[in-house]
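Undergrad: Below is the structure, and that's it, no one-letter string:
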């Protein structure tokens, strides 16, 4: 849960629009979350909801980096994310 004020997509259509536009950039295997959320958005996503344009551009970058046209697949993405998180002592 982020410690800053956040906006739910149903409370601001610009948030839902930004999330929808960036989501289509991700490969199909990322369509379903690995862990179901109890409520709301993941904290890192929610922390971007005050500025929907920032949310769109930040997460569009990740979508572009995970393009199926690039040589790395989901297994490599997960391995890199795990090592970066471990190195940074980050629980994400």
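TA: Structure received. From a predicted model like this one, the values you see are computed outputs, not experimental measurements.
Undergrad: tally of neighbours for residue 46?
TA: Residue 46 has 19 neighbouring residues, counting by other C-beta atoms under 10 Å. For every residue, glycine as well, the C-beta is placed using N, CA and C.
Undergrad: Which residue lies closest in space to it, excluding its sequence neighbours?
TA: The shortest distance from residue 46 to any residue other than its chain neighbours is 4.1 Å, reached at residue 6 (C-beta to C-beta, 6 or more residues apart in numbering).
Undergrad: roughly how far apart are the one you found and residue 41?
TA: Applying C-beta to C-beta, to the nearest Å, the value for residue 6 to residue 41 is 7 Å.
Undergrad: Point out where this structure drops to low pLDDT.
TA: Counting by pLDDT under 70, the low-confidence segments of the chain come to 1-2, 37-38, 92.
Undergrad: For the protein, which segments count as helices?
TA: Taking DSSP state H as the criterion, the chain carries its helices at 13-23, 43-46, 52-65, 74-87.
Undergrad: other SSEs contacting the shortest one?
TA: Identification of packing neighbours for helix 43-46 by 3 or more C-beta pairs under 8 Å, 6 or more residues apart in numbering; DSSP states H and E yields no helix or strand.
Undergrad: How far off centre is that helix?
TA: 8 Å (C-alpha atoms, centre = their mean, to the nearest Å).
Undergrad: Distance to residue 30 for the helices of the chain - can I get that in JSON lines?
TA: Formatted as JSON lines, the entries for the helices of the chain read as follows, by distance: least, C-beta to C-beta, whole Å:
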{"stretch": "helix 13-23", "distance to residue 30": "9"}
{"stretch": "helix 43-46", "distance to residue 30": "13"}
{"stretch": "helix 52-65", "distance to residue 30": "8"}
{"stretch": "helix 74-87", "distance to residue 30": "7"}
